[in-house]
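1. have a look at this fold, sequence not included:
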Ligand SMILES: N=C(N)NCCCC(=O)O
Ligand SMILES: [Zn+2]
Ligand SMILES: [Zn+2]
């Protein structure tokens, strides 16, 4: 931009007192499309891809389902005292088209698209899709930022080795990422893990691959403030990549997912932990594994949409205070 031009204020969602929230084609939070803004500080992009799943399929329909459930999000977030769409330009970049019949081609395509979208410094919030997509997204982010502090919310470790001999699946992205040197081995962390594993060795491998763990039972016994304290202490100074598998939530909060495990976090706990990330160096994020076929009353999609909104709020720069006198949009 020519420095003589006045700075443009971000284009946000249309005023809901003029256009009902339920009208129009669904973009995330009714935000403008990327092609309709000069540039975006953050792009929300969908990856409708689920060819890497080990159990119930259907996360390819996740991005559309989350967008549909995000219509009710409002401009001001009191929990973080920010207006995420006014303080920065956020736009919906549509979907990355990933080949459902060639996993390798899909993974390459996702990485290329992520690199293109972030070439001018735009940060990405990606809506999945199954957890396989974290691998190409981490490859793109690590290329730009170096080894990342991966903060991974999930019922599962996702550091398993192979399924039926396949190295790239939704159960293996963080093992591949660790092997490739994409993650920082001293600051990465799983939160919310639980449930049966294949063997005790899974936990030893996971530790060797560079992850610390705050399990779901630990959150219950130690309490949320302690979990937040441990999370922030682990993250350190590295750029943070946040990956949220919606199955970190208890199936009572998020039934619409492919590999559900009992005994998970509440959405209240997850949202509180994301809010605590304000002020950390969040360089990218994803929300994955929303599978609408098993959802009811948009429960999972609403949880995912609010999760995404808290991430966008946590990514909002501090320097723009919320004006008290802004005309109120409802
Ligand atoms: N990434 C998710 N959601 N699940 C991984 C589960 C892998 C398995 O079935 O063992
Ligand atoms: Zn999972
Ligand atoms: Zn996962």
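-> Alright, I've got the coordinates. Just so it is clear, the structure is predicted and the values come from calculations on it, not from any experiment. Ligands and ions are numbered 1, 2, ... in the order given.
2. from now on I want contacts and neighbour counts done on CA atoms only, so please keep to that.
-> OK.
3. per-residue pLDDT, the most centrally placed residue in the chain?
-> Nearest residue to the geometric centre of the chain (CA atoms, centre = their mean): residue 286, 2.3 Å. Predicted confidence (pLDDT) for residue 286: 99.
4. quick check: residue 113 touching residue 96?
-> Yes: contact criterion CA atoms under 8 Å: residue 113 and residue 96 qualify, at 6.9 Å.
5. can you verify the residue nearest to the centre of the chain is assigned to a strand?
-> Yes: looking at residue 286 with DSSP: H, G, I helix; E, B strand; the rest coil, it is inside a strand.
6. that one contacts residue 304, correct?
-> No: using CA under 8 Å, residue 286 is not in contact with residue 304; the gap is 10.2 Å.
7. okay, now whatever residue of the stretch 201-330 of the chain ends up closest to ligand 1: neighbour count?
-> Nearest residue of the stretch 201-330 of the chain to ligand 1, counting by CA to the nearest ligand atom: residue 259, 5.4 Å away. Burial measure for residue 259: 17 neighbouring residues, criterion other CA atoms under 10 Å.
8. try residue 158
-> Residue 158: 22 neighbours (other CA under 10 Å).
9. now do the one 4 residues further on
-> Counted by other CA under 10 Å, the residues lying close to residue 162 total 15.
10. for it, give me its contacts.
-> 168-169, 171-172 (CA atoms under 8 Å, 6 or more residues apart in numbering).
11. and it, what pLDDT?
-> With respect to pLDDT, residue 162 scores 98.
12. please apply the same query to the one 3 residues further on.
-> Residue 165 carries a pLDDT value of 98.
13. and it, its phi and psi?
-> Backbone torsions for residue 165, taken as degrees, to the nearest 10, come to phi 80, psi 0.
14. how far away is it from residue 172?
-> 11 Å (CA to CA, to the nearest Å).
15. ok, the two, which is more surrounded?
-> A count of neighbours by other CA under 10 Å puts residue 172 above the other of residue 165 and residue 172, at 23 against 7.
16. now do the residue of the stretch 51-200 of the chain at minimum distance from ligand 3 against residue 140, distance only.
-> Of all residues in the stretch 51-200 of the chain, the one sitting closest to ligand 3 is residue 131 (5.0 Å; CA to the ion). According to CA to CA, residue 131 stands 15 Å off from residue 140.
17. the more surrounded of those two?
-> Neighbour count, other CA under 10 Å: between residue 131 and residue 140, residue 131 has more, with 28 against 22.
18. show me the contacts for that one.
-> The contact partners of residue 131, taken as CA under 8 Å, 6+ apart, are 52, 169-171, 173, 245, 288-289.
19. filter the residues you listed down to the ones in strands?
-> Taking DSSP state E, the ones among these that sit in strands are 245, 288.
20. what parts of this structure come near ligand 2?
-> Within the chain, the positions near ligand 2 by CA under 5 Å from the ion are 154-156.
21. top of those by neighbour count?
-> Taking other CA under 10 Å as the neighbour criterion, residue 155 ranks highest of the residues of the chain next to ligand 2 with 28 neighbours.
22. sec struct for that one, please.
-> Assigned state for residue 155: coil (three-state reduction, three-state DSSP).
23. please tell me how far whatever residue of the stretch 101-250 of the chain ends up closest to ligand 1 sits from residue 14.
-> Of all residues in the stretch 101-250 of the chain, residue 171 sits closest to ligand 1, at 4.0 Å by CA to the nearest ligand atom. Distance, residue 171 to residue 14, by CA to CA: 39 Å.
24. count of residues packed around residue 273?
-> The local packing of residue 273 (other CA under 10 Å) involves 21 other residues.
25. can we start the residue count at 381 from this point?
-> With the count now opening at 381, the last piece we talked about shows up as residue 653.
26. contacts with ligand 1 among the residues of the chain next to ligand 2, please.
-> Subset of the residues of the chain next to ligand 2 in contact with ligand 1: residue 536, counting by CA under 6 Å from any ligand atom.
27. just put the residues of the chain next to ligand 2 in CSV and tack on pLDDT.
-> Output for the residues of the chain next to ligand 2, formatted as CSV (pLDDT from 0 to 100):
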residue, pLDDT
534, 99
535, 99
536, 99
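28. show me the contacts for residue 521.
-> 495, 528, 621, 663-664.
29. still on that earlier bit, for residue 696, state which of the residues of the chain next to ligand 2 is nearest.
-> Nearest to residue 696, judged by CA to CA, of the residues of the chain next to ligand 2 is residue 534 at 24.1 Å.
30. for the stretch 381-530 of the chain, which spans come out with low pLDDT?
-> Residues of the stretch 381-530 of the chain meeting the criterion pLDDT under 70: 381-387.
31. which positions in it make contact with ligand 3?
-> Within reach of ligand 3 by CA under 5 Å from the ion, the stretch 381-530 of the chain has these residues: residue 511.
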